[in-house]
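Novice: Structure here, sequence nowhere to be found:
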């Protein structure tokens, strides 16, 4: 796949507001808000949980809520993009097997302002994704004096899990309806995908790296 | 037309000095609702308004450095729309006080579509944007205490065609 070409061509698609100040695109309404806003409210939420409840399991539950929001994001935004006419026109002709859906979509992510995403390994059971300049880690590093003790790219982790689920559980090539029932099916069935951020720029690592695996 | 600068090598889009990211209506309202459901609502709402005010004010000041010939009110109205947040109207504001109207609120419409009708205003990010705009246009004033969303489309879109914010 010509990943650079995909990124270039998607970057030429105008994503601008209509007369109502809304941005309808890819079957959703997009916004172009500050990455710092999402990160600030997410990290402050996590800190508030930490202060109020010392139980590490509860703190982990707070992180899982943020990752769940990432699932919702990936499901709707990636799902909408992969079902769109531009994806049909630009990416689908290059697709040779199912893993190319993931590689193609990751090339599109690079126009969303989230940082530079790169697929390091892909199979029907596993995705390894390297991220340079993740907006979540970027904000963390600018707003904290010390490195984080846990990885911070909750949106990236949740959205990447959704991407694998859409392609290998949901068969997005058949353009399914992106509704609540389909969402439940993707995330509640057996052998669902789960992810882990194994390195993070917010922890002082060189890059962020996310691994998505299928449950045994 | 608002200038967004894209840097594909860095995977970044800039508005003024701020990095912006594309997200959809589903994520925006899901994240907001998750936060407000999980902890003390009043505090979490304040966190969102405060973050929005701080970041928007920084962006407005930075953007104005290269667009100083523009009328400040028109500039902030266009910035708001360019972010996909709806159409905001400051004509009801004088000396930093009055009513701000918001038509087609992204948050209001998305919230109603996903969760149904709410009993109170849920446009926290726009409220922070308004606080930032008032300070940007009129300067910092001790008299401006808060912005209250007195009418929100998410409470009843059949009755209310727009959101209304009172600048106290």
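Specialist: Received, thanks. Values in this document were obtained by computation on a predicted structure and should not be read as measured data.
Novice: Residue A:137 should be in a strand, yeah?
Specialist: No: the assignment for residue A:137, made by DSSP: H, G, I helix; E, B strand; the rest coil, is helix rather than a strand.
Novice: Settle this for me: residue A:94 is touching residue A:101, isn't it.
Specialist: No: in terms of CB atoms under 8 Å, residue A:94 does not count as a neighbour of residue A:101; the distance is 10.5 Å. Where you see a C-beta, it was placed from the backbone N, CA and C, and this is true even at glycine.
Novice: Is stretch A:27-34 positioned near chain B?
Specialist: Yes: when contact is scored as CB under 8 Å from any CB of the partner chain, part of stretch A:27-34 falls within range of chain B: A:28, A:29, A:30, A:31, A:32, A:33, A:34.
Novice: now the helix or strand in which the fourth one is found: how far from the chain's centre is it?
Specialist: Right, the one you point to is residue A:31. With secondary structure defined by DSSP states H and E, residue A:31 is part of strand A:28-34. Centroid separation for strand A:28-34 versus its chain: 15 Å, with CA atoms, centre = their mean, to the nearest Å.
Novice: tell me which strands and helices that strand is in contact with?
Specialist: strand A:23-25, strand B:12-15, strand B:18-24, helix B:25-38, helix B:41-65, helix B:106-115 (3 or more CB pairs under 8 Å, 6 or more residues apart in numbering or on different chains; DSSP states H and E).
Novice: so which of those gets nearest residue A:202?
Specialist: strand B:18-24 (15.3 Å; CB to CB).
Novice: In terms of pLDDT, where does the closest residue to residue A:124 other than its chain neighbours sit?
Specialist: Closest residue to residue A:124 in three dimensions, ignoring its sequence neighbours and counting by CB to CB, 6 or more residues apart in numbering or on different chains: residue A:168, at 5.3 Å. According to the per-residue confidence, residue A:168 scores 95 in pLDDT.
Novice: if I look at residue A:168, how far off is chain B?
Specialist: Note on residue A:168: its distance to chain B, by CB to the nearest CB, to the nearest Å, is 21 Å.
Novice: can you check residue A:89 too?
Specialist: Residue A:89 is 20 Å from chain B, where distance means CB to the nearest CB.
Novice: quick revisit: between residue A:94 and residue A:101, who's got more neighbours?
Specialist: Neighbours were tallied for residue A:94 and for residue A:101 using other CB atoms under 10 Å in any protein chain shown; the higher tally belongs to residue A:101 (24 against 15).
Novice: helix or strand for that one, which one?
Specialist: helix A:99-109.
Novice: Next, the angle strand B:18-24 makes with that helix.
Specialist: When axes from the mean of the first three to the mean of the last three CA atoms, to 10 degrees is applied, the directions of helix A:99-109 and strand B:18-24 differ by 140 degrees.
Novice: Mind giving me the packing neighbours of helix A:99-109?
Specialist: Under the contact definition 3+ CB pairs under 8 Å, 6+ apart, helix A:99-109 sits against helix A:3-11, helix A:79-82, helix A:85-90, strand A:116-122, helix A:154-164.
Novice: Same list (the helices and strands packed on strand A:28-34) but as a markdown table, adding mean neighbour count and distance to residue A:73.
Specialist: Written out in a markdown table, the entries for those read as follows (neighbours: other CB atoms under 10 Å in any protein chain shown; distance: least, CB to CB, whole Å):
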| stretch | mean neighbour count | distance to residue A:73 |
| --- | --- | --- |
| strand A:23-25 | 19 | 14 |
| strand B:12-15 | 20 | 17 |
| strand B:18-24 | 24 | 6 |
| helix B:25-38 | 21 | 4 |
| helix B:41-65 | 18 | 17 |
| helix B:106-115 | 22 | 13 |
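Novice: Spatially central, which residue of the chain would that be?
Specialist: In the absence of a named chain, chain A is used. residue A:159 (2.7 Å; CA atoms, centre = their mean).
Novice: Chain B is the one I meant
Specialist: The centroid of chain B falls nearest to residue B:126 when counting by CA atoms, centre = their mean (2.1 Å).
Novice: what mean pLDDT does the helix or strand where that one lies have?
Specialist: In the assignment (DSSP H and E), residue B:126 maps to helix B:124-138. With pLDDT averaged residue by residue, helix B:124-138 scores 94.
Novice: can you tell me how far residue B:58 sits from residue A:13?
Specialist: According to CB to CB, to the nearest Å, residue B:58 and residue A:13 sit 29 Å apart.
Novice: so what's residue B:65 up against?
Specialist: residue B:16 (CB atoms under 8 Å, 6 or more residues apart in numbering or on different chains).
Novice: how near is it to residue B:75?
Specialist: 12 Å.
Novice: Residue A:96 too?
Specialist: As defined by CB to CB, residue A:96 lies at a distance of 48 Å from residue B:75.
Novice: okay, those two: which has more neighbours?
Specialist: Set residue A:96 next to residue B:75 and count neighbours by other CB under 10 Å: residue B:75 wins out with 20 against 7.
Novice: which phi and psi does the more buried one have?
Specialist: Main-chain torsions, residue B:75, degrees, to the nearest 10: phi -60, psi -50.
Novice: which secondary structure element contains the most far-flung residue of chain B relative to its centre?
Specialist: For chain B, the C-alpha farthest from the mean C-alpha position belongs to residue B:9; by CA atoms, centre = their mean, that distance is 29.3 Å. Under the criterion of DSSP H and E, residue B:9 resides outside all helices and strands.
Novice: Next, it: phi, psi?
Specialist: Here residue B:9 shows phi and psi, under degrees, to the nearest 10, equal to phi -60, psi -30.
Novice: what does the helix or strand that contains residue A:129 rub up against?
Specialist: Counting by DSSP H and E, the secondary-structure element that holds residue A:129 is strand A:126-132. Applying CB under 8 Å, 6+ apart, the set of residues contacting strand A:126-132 from outside is A:102, A:106, A:114-122, A:137, A:153, A:156, A:160, A:163-164, A:207-214, B:11.
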